[in-house]
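*Asks:* give me a model of this one.
(one chain, ligands or ions: 1)
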Amino acid sequence: MPETVSSLAVEADGLHKRYGATIAVDGISLSVPAGEIFGLLGRNGAGKTTTVELIAGLGRPDRGTVRVLGLDPWRDRVRLRQLLGVQLQDAQLHAALTVVELVRLYRSFYRSPRETDELIESVGLAGSRHVRFDKLSGGEQQRLSIALALAGRPRVVILDELTTGLDPEARRQMWSTLESLRESGVTVLLVSHAMEEVERLCDRVALLDAGKVVALDSPAGLVRRAGFAQRVRFRAAEPVPGGLLERLDEVDRVRSDGGEVVVEGHGDLLQAVSVALVRAGVVATGTRVERATLDDAFLALTGRPLDREEAGR
Ligand SMILES: Nc1ncnc2c1ncn2[C@@H]1O[C@H](COP(=O)(O)OP(=O)(O)OP(=O)(O)O)[C@@H](O)[C@H]1O
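*Replies:* Numbering: from 1, shown residues only. Now for the predicted structure:
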């Protein structure tokens, strides 16, 4: 259906969605060009899942419009089903069906599906072909749900919490699956808590907070909004004289954190801090350098961190 295909894979304009008193999505607009891996990052309850549900046509916005490949996901959902793959959190699959039965069932929904064995192997489930869904581990269920999202050779894929519950090897395998999808021109919408994953994979990221996009940029562009490039942490054997570090050109901010001195800045920060401490006769131990992350950007933009405990859910 080439006449329907827009160069923008996803366009959302002014989306609002309310559940009772809760405003889940509060005026979200996004444009995602074809072939991009686009991340939605935010804390629990920020509105990520609701946003992708509206994009997938699984719900209707109270206000605003969505187009996926130029189609209205609600009105044109029969046509869009052939072009869109969706893997959502807590997908309720048929518990009593085996891996191969589920893959065959999903293949039957599409006009030109991928091969059964290729799909199963692509997510490393060849050894579990005849295992029932409810007997798979959480990580295996997750991998199967991703294979099912890719069964119809979708042009746009929505993946919610792609690697939650996966071990490091399965996670790396999933990342390379996504990179090859991008190479073949598929657009991926990736919902995540996992900053490392988002920084590594996404071309652009929308940071969501309380139903709003608070920033939208490349991961590197977002990290720049942290307001500093790197931080040096150390323990000082004696108090650091006031103003010693603050007056250095490379230093943006000095604070203490659980007995450590934390110096945020740019340029050759470590060198500048080390020289100043030596000159002042302050002995520093456990010194380490960290670069700014998306977490720092999120904190700078929203005033709250992206909770790491939640990230491990
Ligand atoms: N079907 C629903 N009924 C009532 N409230 C809902 C429903 N779906 C979502 N919400 C509420 O809307 C807000 C946004 O939820 P949403 O699931 O979109 O956030 P999220 O960013 O995906 O969070 P999480 O990372 O926890 O999945 C939350 O306050 C949530 O409790």
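
*Asks:* any idea of the pLDDT on the most centrally placed residue in the chain?
*Replies:* The geometric centre of the chain, computed from its C-alpha atoms, lies nearest to residue 192 (C-alpha atoms, centre = their mean), at 3.3 Å. Listed pLDDT for residue 192 reads 87.

*Asks:* tell me the contacts of it?
*Replies:* If a contact means C-beta atoms under 8 Å, 6 or more residues apart in numbering, then residue 192 has 39, 40, 41, 161, 162, 198 as its contacts. Where you see a C-beta, it was placed from the backbone N, CA and C, and this is true even at glycine.

*Asks:* the fifth one touches residue 174, doesn't it?
*Replies:* Yes: with contact taken as C-beta atoms under 8 Å, residue 162 and residue 174 are classed as touching, separated by 5.9 Å.

*Asks:* joint contacts of these two?
*Replies:* Listed as contacting both residue 162 and residue 174 by C-beta under 8 Å, 6+ apart are residue 146.

*Asks:* can you pull out the helices in this structure?
*Replies:* Taking DSSP state H to define them, one finds helices in the chain at 48-56, 77-80, 99-107, 116-122, 138-149, 168-183, 195-201, 219-224, 269-280, 294-302, 308-311.

*Asks:* comparing the ones you listed, which gets the lowest mean pLDDT score?
*Replies:* Minimum mean pLDDT among those: helix 308-311, a mean of 46.

*Asks:* dump the residue contacts of residue 282.
*Replies:* Contacts of residue 282 by C-beta under 8 Å, 6+ apart are 236, 237, 238, 240, 241, 244.

*Asks:* before we move on, back to that, deepest-packed of the helices of the chain, please.
*Replies:* helix 48-56 (a mean of 25; mean count of other C-beta atoms under 10 Å).

*Asks:* write out the residues of the stretch 1-150 of the chain neighbouring the ligand.
*Replies:* 19, 22, 24, 42, 44, 45, 46, 47, 48, 49, 50 (C-beta under 6 Å from any ligand atom).

*Asks:* ok, so of the contacts of residue 192, who is nearest residue 151?
*Replies:* For these, the closest approach to residue 151 (C-beta to C-beta) belongs to residue 162, at 16.3 Å.

*Asks:* looking at the contacts of residue 282, which has the most residues close by?
*Replies:* Counting neighbours by other C-beta atoms under 10 Å, residue 240 comes out on top of these with 20 neighbours.
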